[in-house]
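Undergrad: Give me a 3D structure for the following:
(chains A, B, C and D)
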Number of protein chains: 2
Amino acid sequence: MAAADHKVETTRLTLLGSFAGYFLRRASQRFAAGFADTVGPMGMRQVLFGVLTVIHDNPGIRQGAAGEALGIQRANMVSLVNELVDRGLVERRVSESDRRAFALELTPAGKVLVEQGVERIRGNEDELLAPLTPTERRTLLDLLSRLDGSAG
Amino acid sequence: MAAADHKVETTRLTLLGSFAGYFLRRASQRFAAGFADTVGPMGMRQVLFGVLTVIHDNPGIRQGAAGEALGIQRANMVSLVNELVDRGLVERRVSESDRRAFALELTPAGKVLVEQGVERIRGNEDELLAPLTPTERRTLLDLLSRLDGSAG
DNA sequence: TATTGTTATACTCTATAACTATA
DNA sequence: TATAGTTATAGAGTATAACAATA
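TA: Sure, this is the predicted structure:
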């Protein structure tokens, strides 16, 4: 509160402000925090929910393929899928065509949780994307998806 | 190899594909990986380099203010600044106006490292942003910065 | 009483290497 | 021999609570 301080100016981020990586990281963190606030109470984390939705969209998908689509390494998929199976959200059965692999499917409880989670996430994203117009939001989604090599 | 598998289709990400948070997380991860590849050999990590640039842009900034600008909590700033000081990149001295606080400044070595790092990061970002036109890159940066509440 | 920096601690996410069982 | 999943482990990032010195 001392008026003796001559530094009331705003902190400058000149260098960082030119890097997409910086803004991506900050934005990602804020979306993760919002996710934790809104979907976290359901016992869901971003990664875990990601796995759930890939299974939702690709019933019977193999564990490895699910991880690959999400950029999750095989080793790290194990405990994630274990957690989902233990909670009764995912059913894991040995693949008929390849007995090394697991085919994953959502249980009814898993489907319900996905639906509820999607609702909450949409609400959260609407808040975080509030500074942008609907058109700008679509643009952002398009640009981000194209960064991934996806067609969007 | 087994042609018996009727599932050669691409994995669908219908649900995730509508969430900005998902693409932000993936993009952020890829930029972080690129950073690690190009700037990592200099012993730099994204967060550490962020601290360095804020000090670069705001010589004499207090430790707490630097952390606040970057979204880093006080408790986590300690070891980061320690690391930078130990490496001779940052000078930390007790603030004249508030003896509880530290004023941070770059050493000559710190300044050099920032310049070199910036070069490498630009190169890395150019690669990662290759799918976008220059106009689209500016648009992306603008949209992302506005998500943060910054003016851009 | 509030704030700056500190310590200790815990949890999540990601990465690597070595193992097994199937192919 | 290659692949699917597993185990163990390590590192980085972030979060909270309690503390000391100073305001």
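Undergrad: number of nearby residues for A:Ala47?
TA: Not quite, residue A:47 is Val, not Ala. A count of neighbours around A:Val47, defined by other Cβ atoms under 10 Å in any protein chain shown, yields 16. Where you see a C-beta, it was placed from the backbone N, CA and C, and this is true even at glycine.
Undergrad: so does the strand or helix carrying it get close to DNA strand C?
TA: Using DSSP states H and E, the element containing A:Val47 is helix A:46-57. Yes. Helix A:46-57 is in contact with DNA strand C by Cβ under 7 Å from any atom of the strand, via A:Gln46, A:Val47, A:Leu48.
Undergrad: what packs against that helix?
TA: helix A:20-38, helix A:63-70, helix A:74-86, strand A:90-94, strand A:102-106, helix A:108-128, helix B:20-38 (3 or more Cβ pairs under 8 Å, 6 or more residues apart in numbering or on different chains; DSSP states H and E).
Undergrad: what do you get if the cut-off is 7 Å, keeping everything else the same?
TA: helix A:63-70, helix A:74-86, strand A:102-106, helix A:108-128 (3 or more Cβ pairs under 7 Å, 6 or more residues apart in numbering or on different chains; DSSP states H and E).
Undergrad: That helix near DNA strand D at all?
TA: No. Under the criterion of Cβ under 7 Å from any atom of the strand, helix A:46-57 makes no contact with DNA strand D; the nearest approach is 11.8 Å.
Undergrad: Tell me which residues are up against that helix.
TA: A:32, A:35, A:39, A:61, A:66, A:69-70, A:72, A:80-81, A:83-84, A:89-90, A:104-106, A:110-111, A:113-114, A:117, B:11-16, B:22, B:25 (Cβ atoms under 7 Å, 6 or more residues apart in numbering or on different chains).
Undergrad: Neighbours of whichever residue of chain A sits closest to DNA strand D, how many?
TA: Of all residues in chain A, the one sitting closest to DNA strand D is A:Gly64 (2.4 Å; Cβ to the nearest atom of the strand). Neighbours of A:Gly64 under the rule other Cβ under 10 Å: 15.
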